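Engineer: Generate coordinates for the sequence data below:
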Amino acid sequence: MKTDLLRYKYLPCNEGSLSVLSDGTMKFTSPKDFNDPFDCAPDFDPAQHSKYIATRSDLIKNAGYALGLSPAQRIQKKPEMIKRYEKAVKSPEYGGEFTSRIGICSLSRDPLNLLMWAHYAESHTGFVVEFSIPTSAMGTHKEATDCILKWLYPQEVKYAQEKPSIDPFDDRLVSTEKHFLVKSADWEYEQEERVVDFIRGHGIHPYDRERVLKSVIAGMRMKEEEFDELKLTIEALNKELATNVTLHRARPLQGKFALYVPDRLEL
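Structural biologist: Just a heads-up that it's a prediction; the model follows:
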């Protein structure tokens, strides 16, 4: 029997973050807005792309049509068009337009990481949302894709010392992984997993909070008035959806550089 995945979202305590609970919406960020300029910015192998374009006469043909060239002109200008393509591949901006249209929601496998609380939950004044995500989706490809997005089903990020290089002969899954699911090993502490949205792109999108919301963990430095507001938000949510989302608070662990949740010792 498959069990749900427990994954976590670190958030500051503000109106937009509370909407994750009150409205059932989640922000999917464009990679161009990431704090790491190396993220989702793989290299492209110029030699392999040259080989690829040489095997794709249809691409040259379509480019010729777009430029209004006759068949004879296409043949004449083919070397020039290939050189132009090779130059584009070497440009740092190559692939950027496609990447900027994608939306990514980042989750973590670790709800008690000190660096994550400091960086993404405003120095422990924010909160962490716990999701219980189904491990299987049934039906057609479209239905499965819909389930992945509404249940926030993530893919694991891999950490590496070297940047991935996109080979045009890679299949789609390999290319997607290289492009969106490989980060520098410096970020390994995040234990990140990502929901990659190729359909709706970046923006604020709904998810199935009734199915996947499990609990909320408030930061050890959260102000009492904000904790009270968070509590009221969760109470209203549970009343509206007849759910049992629970609220907890992280505390410092005596004698350790660590956190614990007193009523969730399994975390």
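Engineer: To what extent is the residue nearest to residue 165 when sequence neighbours are not counted buried, counted in neighbours?
Structural biologist: If the residues on either side of it in the chain are set aside, residue 165 comes closest to residue 43, at 4.4 Å by Cβ to Cβ, 6 or more residues apart in numbering. (Glycine included, C-beta is placed from N, CA and C.) Neighbourhood size, residue 43 [other Cβ atoms under 10 Å]: 16.
Engineer: please begin residue numbering at 13 from this point
Structural biologist: Happy to do that; since the first residue is 13 now, the last one works out to residue 55.
Engineer: List the residues that contact residue 55.
Structural biologist: Residues in contact with residue 55, defined by Cβ atoms under 8 Å, 6 or more residues apart in numbering, are 175-178.
Engineer: ranges for the helices of the stretch 113-262 of the chain?
Structural biologist: 126-132, 153-162, 184-192, 221-224, 236-253 (DSSP state H, counting those that start in this stretch).
Engineer: Check the offset of the third one from the chain's centre.
Structural biologist: In this case it means helix 184-192. How far helix 184-192 lies from its chain's middle: 13 Å, per Cα atoms, centre = their mean, to the nearest Å.
Engineer: For the chain, name the helix or strand with the lowest mean pLDDT.
Structural biologist: In the chain, no helix or strand scores lower on mean pLDDT, DSSP states H and E than helix 69-78, which sits at a mean of 67.
Engineer: re the thing from before, include mean pLDDT, mean neighbour count and distance to residue 145 when you put the helices of the stretch 113-262 of the chain into CSV, please.
Structural biologist: Conversion of the helices of the stretch 113-262 of the chain to CSV gives the following (pLDDT from 0 to 100; neighbours: other Cβ atoms under 10 Å; distance: least, Cβ to Cβ, whole Å):
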stretch, mean pLDDT, mean neighbour count, distance to residue 145
helix 126-132, 98, 16, 18
helix 153-162, 85, 15, 10
helix 184-192, 92, 15, 19
helix 221-224, 96, 18, 6
helix 236-253, 98, 14, 17
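Engineer: Nice, that's everything, thank you.
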